[in-house]
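Following is a predicted model, sequence given first.
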Amino acid sequence: MPMVMLQDFDEFVAEHGGEYVMSRGWLLFADGSTTNEEFSIRRSPPINEHQRLELQREFWAVKTRLAEREFNELRNDALQQAAHAMSGLVPPPHADTPRELQRRKSEIETLRERVAEFDALIANTPESHEQRQREAVREERRREISALASEIEAIEV
């Protein structure tokens, strides 16, 4: 019987874009592929468009949060260093810090746009349309019940 070769981690990473983020205990790839930390469970992108788009959106949302965190750390560290530099005890922040912050800000804006693109794609899936219809039905039912309750409450002896 021929031996089945399992794909190694580096091959899996390369096959699914080469970049991943950690999300809820899983490694998540831009194409929607996932694997657990132990690499014992590997999942290709879901066939279902809505599920695949949700995973892809999560990839970009995590990248955005990480970039925002790094931006804020750099900015806060630079501001703190500038405050301490006023006393002459430490050197001021590097002169390129504002330029680096602007570069990172631009990257974050691009990442946010990417997340928004996935939000729009997700909103147009059949599952999202069905969810909005269910929510509209529930809201109409709540209004009917509220009106009935108000009518009942208005009747007193």
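Alright, I've got the coordinates. Numbers count the residues shown, from 1 in each chain.

The residue nearest in space to the middle of the chain and residue 132: what is the separation?
For the chain, the residue sitting closest to the mean C-alpha position, by Cα atoms, centre = their mean, is residue 61 at 2.1 Å. Distance of residue 61 to residue 132, computed by Cβ to Cβ, to the nearest Å: 21 Å. Every residue, glycine included, has its C-beta placed from N, CA and C.

One more: residue 32?
Relative to residue 132, and taking Cβ to Cβ, residue 32 is found at 23 Å.

ok, those two, which is more surrounded?
residue 32 (22 against 11; other Cβ atoms under 10 Å).

wait, what's in contact with that one?
Listed by Cβ atoms under 8 Å, 6 or more residues apart in numbering, the contact partners of residue 32 are 45, 46, 51, 52, 53, 55, 56, 59.

Looks to me like the first one is in a strand.
No. The assignment for residue 45 (DSSP: H, G, I helix; E, B strand; the rest coil) gives coil, which keeps it out of a strand.

so what's it up against?
16, 31, 32, 33, 52, 55, 56.

Taking the residues you listed together, which two end up most distant?
16 and 52 (12.3 Å; Cβ to Cβ).

where does residue 150 sit relative to residue 143, distance-wise?
From residue 150 over to residue 143 (counting by Cβ to Cβ), the distance is 10 Å.
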